Every structure is written in C-alpha cells, then in structure tokens.
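Q: Need a 3D model of the sequence below.
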Amino acid sequence: MIGAVQVPFAPVIEAPTHLKGRHFLRVADWSTHELVTIIELALDLKRLQRARTPHALLPNRTLAMIFDKPSTRTRVSFAAGMVQLGGVGLPITTSEMQLGRGEPLRDTALVLSRLVDGLVIRTFRQSDVEELAAHSTIPVINGLTDDFHPCQAIADALTITEHFGAFRGVRLAYVGDGNNVCHSLMTICARLGVGFVAATPPGYEPRGDVVDVARAAAKEHRTALELVSNPREAVRDANVVYTDVWTSMGQDEEAEQRRRAFAGYRVDDELLANAPDDALVMHDLPAHYDEEITEAVLHGPRSLAWDQAENRLHAQKALLALVMR
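A: A predicted model of the protein is given here:
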C-alpha cells in the first residue's frame, strides 16, 4: 500500500483569495483595506522567510517579467520572490520579445495570458502598462513607469509600519523631484493616514491630477498633505525624510539643469539639522552620492534604505500571493 504523499513545501499560512486576478497598476486603484492586506501578509511572509520556513503559496505558477529599463531591486526581488513562493519568474527584455519587432501590446497580452500566470513590466509609458492590462486575463503588475512606482510604495509602507508600529501619527517629508516615486508615495501615505509634505523646486512639483487624487484620500482619512518649496520647512516636524534621484532614467540630457535646480535639496547633515533628532531617512535607491543625498547619511544610523530594499521582496511576494492564487 502506498502511503499518502507529503508535500515538502506546503504553505503554512493562507492568503486571502478576494484579490485574485487583480491588476496592480497604481496605488490609487486599491482601497486602504486592500493595501493594508498586502502589508499584513508581507509581515507574515517576512517572518517566515527569516525563519527559513517554507511558504509555497504559488506552486507551479509562472511570472513573466518584462524589463524595458535597467533593474536591480525590481528584477531580483520578483525573481527571488517567485522561487520562495514555489513558482518561477521569467525575466525578459523587450529586445528579446516580438514587442521589439513591432508586435502590438494587445497581441502580446493575449499570448502571455495563455502561457503564464502573471505579468510584471518595468517600462516608460504608463499607457503601455494599462493597455497590457486591458487585454490580459492574468494579473498585470506595474514594476515602474515614468508616472508611478507602486511596488516601491508598498515596500515603503511596510518599512514605515515596521519602524513606527502604525501609520497614523507618522509625518513623512519628501525632498526632491515630484516624480513617479513621489506620486506613488504621496498616494499611499494619504490612503494609510500618514502625514505627507513634498518640498520640490518650482517647475518640478508632482503632477496636478495625482495631487488631486491624493488630496481627496488625505481628506477622507483626516491627514495632512502639503506641497512646499522650502526643504527646511518640510523636514521641521518630520519623522521620516525621504528622497530620490534628481535625474531619472530617460532624463540624462537634463542632468546638469536638474543639478542647478535642485541645489539646496540635498539630504545631508545640514538639512537634517532642521528635522527632529530622531527623524529617519529613506531612499528607494540607487543613490547618486552628493546629489540628492550624501554617502554618510545613506550609510549612517538614521538610514532605512537597506530595510526598504529588502522589503521590496516581502511586499511584492505578498502582492503576488494575493493576485496570482
């Protein structure tokens, strides 16, 4: 008589199933409750990973990973995360696909929907991600576009709750370019009740329509959302000071102009002297030392950047487990 087969990597927790099949294109598409669900599951998965406890919530699932832009954290965290969840991630560049030879996004979406269980794409245009999602029967995840970086935002929210134990009562000051990272961070802070202030030079403010959505969420959750131009004013009561690169991918021709515009917006000891003594520093990486941040601050005792980088893994694993079950 053959005994019962024991699965060596059976899941030790159960992920909720009500989000199965959902796309994750921007933070604003998900409710506060749904975002909190990701973060709560991420905390559980991080605990299991730290204990080396198997948690194969996605056995035999396959994630296609399309990269138009260079990537370290996004690529490695999604690929490693799929292995830890019992599946596999397939990294491919556009030049390796028929997309690079003109195949329509719609056709690519229809084909991949029959071959894999999920799709993450890191690209330039938000409209491309949305077109893929419109024609896909599998969940599509935005790994970064010029407009939004929602996966970074959930990792940042995970980092905040780990260090402060809650969202409400935390005040985050973002200093620098009102870019894709700022857009997603602003929105998730508003959704979760984190006070948010962005200090940007004139002409580099976050996009107006994104601000409008975030302001509505901030009003609903009775929290502050402010836009200022003075970085010293922004950090005055901050628990967290956050920055990002001044020149993003695709903006290389503007680099010198941006360095001049952002003079005075560097997160260094001088700026942090205007913040509370216990304020912490966040950066989504990679960093350009002595532009938006100094090496001493990024590698100093106030830095949460390395926790953020690790939390990309745990937050994205939770997202994958929720939408690809």
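
Q: Name the residues of stretch 246-266 that come out as buried.
A: Under the neighbour-count criterion of 16 or more other C-beta atoms under 10 Å, stretch 246-266 has 246-248, 258, 261-262, 265-266 buried. Just so you know, the C-beta spots here come from the backbone N, C-alpha and C atoms, and that holds for glycine as well.

Q: mind saving the C-alpha coords of it as PDB?
A: Extracted C-alpha coordinates of stretch 246-266, given in PDB (Å, rounded to 0.1, in the frame of the first residue of the first chain):
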ATOM      1  CA  TRP A 246      17.200  64.100  -9.200                       C
ATOM      2  CA  THR A 247      17.600  62.700 -12.700                       C
ATOM      3  CA  SER A 248      15.600  59.600 -13.500                       C
ATOM      4  CA  MET A 249      16.100  57.100 -16.300                       C
ATOM      5  CA  GLY A 250      15.400  58.800 -19.700                       C
ATOM      6  CA  GLN A 251      16.300  62.300 -18.300                       C
ATOM      7  CA  ASP A 252      20.000  62.200 -18.800                       C
ATOM      8  CA  GLU A 253      20.100  65.200 -21.100                       C
ATOM      9  CA  GLU A 254      18.600  67.300 -18.300                       C
ATOM     10  CA  ALA A 255      21.100  66.200 -15.700                       C
ATOM     11  CA  GLU A 256      23.100  69.400 -15.400                       C
ATOM     12  CA  GLN A 257      20.000  71.600 -15.500                       C
ATOM     13  CA  ARG A 258      18.500  69.500 -12.700                       C
ATOM     14  CA  ARG A 259      21.600  69.700 -10.600                       C
ATOM     15  CA  ARG A 260      21.300  73.500 -10.700                       C
ATOM     16  CA  ALA A 261      17.500  73.400 -10.000                       C
ATOM     17  CA  PHE A 262      17.900  71.100  -7.000                       C
ATOM     18  CA  ALA A 263      20.800  72.900  -5.300                       C
ATOM     19  CA  GLY A 264      19.700  73.100  -1.700                       C
ATOM     20  CA  TYR A 265      17.500  70.000  -1.800                       C
ATOM     21  CA  ARG A 266      20.200  67.500  -0.800                       C
END
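
Q: and it, what's its mean pLDDT?
A: Per-residue pLDDT values over stretch 246-266 give a mean of 86.

Q: about what we covered before: turn the buried residues of stretch 246-266 into CSV, columns for secondary structure.
A: Below are the buried residues of stretch 246-266 laid out as CSV (DSSP: H, G, I helix; E, B strand; the rest coil):
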residue, secondary structure
246, coil
247, coil
248, coil
258, helix
261, helix
262, coil
265, coil
266, coil
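
Q: Show me which of these is closest to residue 207.
A: residue 248 (13.9 Å; C-beta to C-beta).

Q: Tell me the spatial nearest neighbour of that closest one, not counting adjacent residues.
A: Excluding the flanking residues, the one nearest residue 248 by C-beta to C-beta, 6 or more residues apart in numbering is residue 179, at 5.8 Å.

Q: from what I can see the one you found touches residue 251, true?
A: No: the criterion here is C-beta atoms under 8 Å, and residue 179 misses it with residue 251 at 9.1 Å.

Q: Name all residues that make contact with the residue nearest to residue 248.
A: 206, 244, 248 (C-beta atoms under 8 Å, 6 or more residues apart in numbering).

Q: what separates the second one from residue 29, distance-wise?
A: Which is residue 244. 22 Å (C-beta to C-beta, to the nearest Å).

Q: With the first one instead?
A: Computed with C-beta to C-beta, the distance linking residue 206 and residue 29 is 18 Å.

Q: how about the contacts of residue 179 in CSV, adding distance to residue 108?
A: Converted to CSV, those look like this (distance: C-beta to C-beta, whole Å):
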residue, distance to residue 108
206, 31
244, 30
248, 25
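
Q: now the end-to-end length of stretch 64-72.
A: In stretch 64-72, first residue to last residue: 16 Å (C-alpha to C-alpha, to the nearest Å).

Q: cool, and stretch 199-219?
A: First-to-last residue span, stretch 199-219, C-alpha to C-alpha: 20 Å.

Q: ok, residue 72 touching residue 286?
A: Yes: between residue 72 and residue 286 there is a contact under C-beta under 8 Å: 7.2 Å.

Q: ok, back up a step: dihedrals phi and psi, the residue nearest to residue 248?
A: Dihedral pair for residue 179: phi -100, psi -160, per degrees, to the nearest 10.

Q: what does residue 199 give?
A: Here is the backbone geometry of residue 199 (degrees, to the nearest 10): phi -110, psi 110.

Q: how far away is it from residue 62?
A: With C-beta to C-beta as the criterion, residue 199 and residue 62 are 43 Å apart.
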